[in-house]
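K.L.:
below: sequence and its predicted model.
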Amino acid sequence: MPQDPTAASGAFPVTTKEHLPRNPGMPLDMDWVMSAQANTSAIERRAATLPGRRSVKKDYQAAWLCKAISLIDLTTLSGDDSAGRVQRLCAKARQPVAPDLLEALDMTGLTTGAVCVYHDMVETAVAALAGSGIPVAAVSTGFPAGLSPFHLRIAEIGESVAAGAAEIDIVISRRHVLTGNWQALYDEMAEMRAACGDAHVKAILATGELGTLRNVAKASLVCMMAGADFIKTSTGKEPVNATLPVTLTMIRAIRDYHDRTGIYVGYKPAGGISKAKDALVYLSMIKDELGDRWLQPDLFRFGASSLLGDIERQLEHHVTGSYSASWRHAIG
Ligand SMILES: O=C[C@H](O)COP(=O)(O)O
């Protein structure tokens with residue numbers, strides 16, 4: 001198969017499912033938070049140029065699509081989720097693409113980055129993924145609105161960890177951002193972080209409900225200071241979910257945090273990412289803005305329920321030169 005352009009740095013193929021050490025966080029630095037800027041028109045102009053760029057060369061696209069698979073938090077977050085659906089999802093996570101296709105691509109053993117489910121489905125997912133090394137992420141803390149009593153949100157984290165979730169996707173209280181109560185956001189995040197114990201924590205900002213990109217930048221910094229291991233755009237349930245301007249804002253906050261503290265924090269765009277070509281745009285943006293180190297599952301994930309299906313179709317086309325109906329699979 002064609003070599004991935006990141007291979008020179010040893011970043012491909014992906015074999016590690018190890019997590020980085022947890023983000024230790026730092027005291028809330030209000031001066032830093034208040035100085036956070038987001039030049040909306042400049043960010044929107046830059047975002048508008050991204051889909052047209054050709055930083056992922058055609059020859060390398062299959063390799064990049066395999067890379068994208070390795071970075072997916074394969075997700076089902078529906079009111080009608082069942083054990084059977086979650087077991088099928090986990091089977092897809094273990095074997096995301098047909099074996100003959102993976103063989104043709106020299107990618108045998110490729111899996112998704114994780115599986116992401118509601119708390120009630122964690123035990124089922126953990127059992128279905130046993131021995132695979134694929135972690136289970138739970139959306140806890142009253143997902144998606146995060147408006148249940150705080151002590152229940154904390155208790156839900158504890159139950160998800162006890163059930164075997166290695167990663168917890170928490171949702172922040174949007175009102176703390178909208179009222180500029182950064183101390184309250186920091187305290188909430190820090191308490192959730194502590195409740196996660198050894199599990200890694202992704203902070204869902206629900207950016208579509210935060211009003212401005214400057215708020216997104218500030219909330220990103222506060223959550224990282226309070227110990228978030230990843231910052232994540234959206235629950236997938238807001239009217240506007242992952243976008244390129246929001247992504248630029250958040251990954252620049254991650255870069256800023258890393259530059260000043262040396263701490264690596266991951267990024268997870270989520271919600272509405274369902275096309276292989278969109279995944280490539282995200283990956284090339286991450287490569288440009290943060291570098292190859294962030295193209296690993298311990299620092300980047302797509303939160304996506306239907307992206308894998310389109311990637312499979314594109315890979316099949318790459319290998320066989322045609323699409324077949326057999327690739328149309330439904331998780332439900
Ligand atoms: O966290 C993941 C998102 O809920 C997935 O959203 P999606 O169903 O639009 O891919």
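P.N.:
Cool, got the structure.

K.L.:
burial measure for the residue in the stretch 1-150 of the chain that the ligand sits nearest to, as a count.
P.N.:
The nearest approach of the stretch 1-150 of the chain to the ligand comes at residue 75, 4.4 Å away (Cβ to the nearest ligand atom). Backbone N, C-alpha and C define where each C-beta goes, glycine included. Look at residue 75: counted by other Cβ atoms under 10 Å, it has 27 neighbours.

K.L.:
I figured it hits residue 114, correct?
P.N.:
No - look at residue 75 against residue 114 with Cβ atoms under 8 Å: they stay out of range, at 9.1 Å.

K.L.:
C-alpha coordinates for the one helix or strand residue 103 maps to, PDB please?
P.N.:
Assessed by DSSP states H and E, residue 103 sits inside helix 99-104. Extracted in PDB, the C-alpha atoms of helix 99-104 (Å, rounded to 0.1, in the frame of the first residue of the first chain):
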ATOM      1  CA  PRO A  99     -10.700  -9.000   6.100                       C
ATOM      2  CA  ASP A 100      -9.800  -9.300   2.400                       C
ATOM      3  CA  LEU A 101      -9.800  -5.500   2.100                       C
ATOM      4  CA  LEU A 102      -7.600  -5.100   5.100                       C
ATOM      5  CA  GLU A 103      -5.300  -7.700   3.700                       C
ATOM      6  CA  ALA A 104      -5.100  -6.000   0.400                       C
END
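
K.L.:
list the strands paired with the helix or strand that comes right after it, with their directions.
P.N.:
Once helix 99-104 ends, the next helix or strand along the chain (criterion: DSSP H and E) is strand 114-118. Strand pairing for strand 114-118, determined by DSSP bridges: strand 72-75 (parallel), strand 136-139 (parallel).

K.L.:
got the contact list for the following helix or strand past strand 114-118?
P.N.:
As assigned by DSSP H and E, the chain's next helix or strand after strand 114-118 is helix 122-128. By Cβ atoms under 8 Å, 6 or more residues apart in numbering, the residues outside helix 122-128 that reach it are 83, 86-87, 89-91, 115, 117, 136, 138, 160, 163-165.

K.L.:
burial measure for residue 259, as a count.
P.N.:
Neighbours around residue 259, by other Cβ under 10 Å: 8.

K.L.:
quick check: it is in a strand.
P.N.:
No - Residue 259 is assigned helix when assessed by DSSP: H, G, I helix; E, B strand; the rest coil, not a strand.

K.L.:
what stretches of this protein score poorly on pLDDT?
P.N.:
Within the chain, the ranges that satisfy pLDDT under 70 run 1-17, 52-59, 322-332.

K.L.:
what does it have sitting close to the ligand?
P.N.:
Within reach of the ligand by Cβ under 6 Å from any ligand atom, the chain has these residues: 75, 77, 116, 235-236, 270-272, 303-306.

K.L.:
can I get those residues in a markdown table including secondary structure?
P.N.:
Formatted as a markdown table, the residues of the chain next to the ligand follow (three-state DSSP):
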| residue | secondary structure |
| --- | --- |
| 75 | strand |
| 77 | coil |
| 116 | strand |
| 235 | coil |
| 236 | coil |
| 270 | strand |
| 271 | coil |
| 272 | coil |
| 303 | strand |
| 304 | strand |
| 305 | coil |
| 306 | coil |
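
K.L.:
who wins for neighbours among those?
P.N.:
For these, neighbours tallied by other Cβ under 10 Å; top is residue 116, 32 neighbours.
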